[in-house]
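>>> Just to be clear, the model below is a prediction. Sequence and coordinates:
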Amino acid sequence: MPLFLRSRRRLSWLSVNILLNVLAASVIAFYQDTLAAVIALAVFLPIISDMSGCSGNQAAAVSMRELAIGLLRPVDLVYVLGKEVLLGMINGCALGILIATVAWLWKGNPYFGLVVGGALALNTMVAVCIGGSIPLVLKRIGKDPALASGPILTTVTDMCGFFIVLSFASALLPQLQGS
């Protein structure tokens, strides 16, 4: 494929990603009072985003590989979602407990650990479901999963992660004051 055609195909999805990132940033802006009240959450936002994104990228890579070698077809979406929900619950709980322990020990507040760990657990489940299914959906609508899965997955996972952690924190704000 010629260089400029390859660039144009990639840039089209990356350009869409800019718009989606503005939406992700707006989630943070919406919860700016919560973030200001519990500034320690800012330390964990990129961790939750990154860990969930990595989990989702693993799921996307496996789905793309299985699509490429013929083990999966776009019609297998429900099967993939069921498999990824279970995997997301197992891995999400394991990762959530780990980061909750770190957050609790660091700030000395079990509610802070609960917010951070719960958000990572839930966002990991969301990320693997999106990561496992988005290549199948893209293939079904005739788009290249290798080009579009990463930008879509990353931004949606970030947006969900920011929303989950900040909404959990807002709900438990009185218990988090001073963290």
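That came through, no problem. Numbering: from 1, shown residues only.
>>> for the chain, what are the low-confidence residue spans?
178-179 (pLDDT under 70).
>>> Report the central residue of it.
residue 157 (2.5 Å; CA atoms, centre = their mean).
>>> before we move on, what SS does residue 123 have?
helix (DSSP: H, G, I helix; E, B strand; the rest coil).
>>> ok, now how distant is it from residue 56?
Computed as CB to CB, to the nearest Å, the residue 123 to residue 56 distance reads 9 Å. Any C-beta I mention is one placed from the backbone N, CA and C, and that applies to glycine too.
>>> Need the residues touching each of the two.
Common contacts of residue 123 and residue 56, defined by CB atoms under 8 Å, 6 or more residues apart in numbering, comprise residue 157.
>>> Quick check: buried residues in stretch 80-88?
Residues 80-81, 83-85, 87-88 are the ones in stretch 80-88 that count as buried (16 or more other CB atoms under 10 Å).
>>> Would you point out the most distant pair within those?
80 and 88 (11.7 Å; CB to CB).
>>> now the helices for the protein?
Taking DSSP state H as the criterion, the chain contains helices spanning 3-30, 32-37, 41-68, 77-107, 110-140, 145-171, 173-176.
>>> Please identify the most buried of these.
helix 110-140 (a mean of 24; mean count of other CB atoms under 10 Å).
>>> and that helix, what does it pack onto?
helix 41-68, helix 77-107, helix 145-171, helix 173-176 (3 or more CB pairs under 8 Å, 6 or more residues apart in numbering; DSSP states H and E).
>>> Run the angle between it and helix 41-68 for me.
30 degrees (axes from the mean of the first three to the mean of the last three CA atoms, to 10 degrees).
>>> quick check: angle from helix 110-140 to helix 77-107?
150 degrees.
>>> Distance from helix 110-140 to the middle of the chain?
5 Å (CA atoms, centre = their mean, to the nearest Å).
>>> Also stretch 160-175?
That offset, for stretch 160-175, works out to 16 Å (CA atoms, centre = their mean).
>>> isn't residue 145 right up against residue 135?
Yes. With contact defined as CB atoms under 8 Å, residue 145 reaches residue 135; the gap is 3.6 Å.
>>> List the residues that are in contact with both of the two.
60, 63-64, 67.
>>> contact partners of stretch 58-66?
72, 80, 84, 87, 127-136, 145-146, 149-150, 153.
>>> do the same with stretch 3-12
So stretch 3-12 is contacted by 144, 147 (CB under 8 Å, 6+ apart).
>>> repeat for stretch 128-140
55-60, 62-64, 67, 72-74, 76-77, 80-81, 83-85, 87-88, 91-92, 144-145, 148-149, 152-153, 156-157.
>>> burial count for the closest residue to residue 167 other than its chain neighbours?
Nearest residue to residue 167, sequence neighbours excluded (CB to CB, 6 or more residues apart in numbering): residue 31, at 7.4 Å. Neighbour count of residue 31, defined by other CB atoms under 10 Å: 19.
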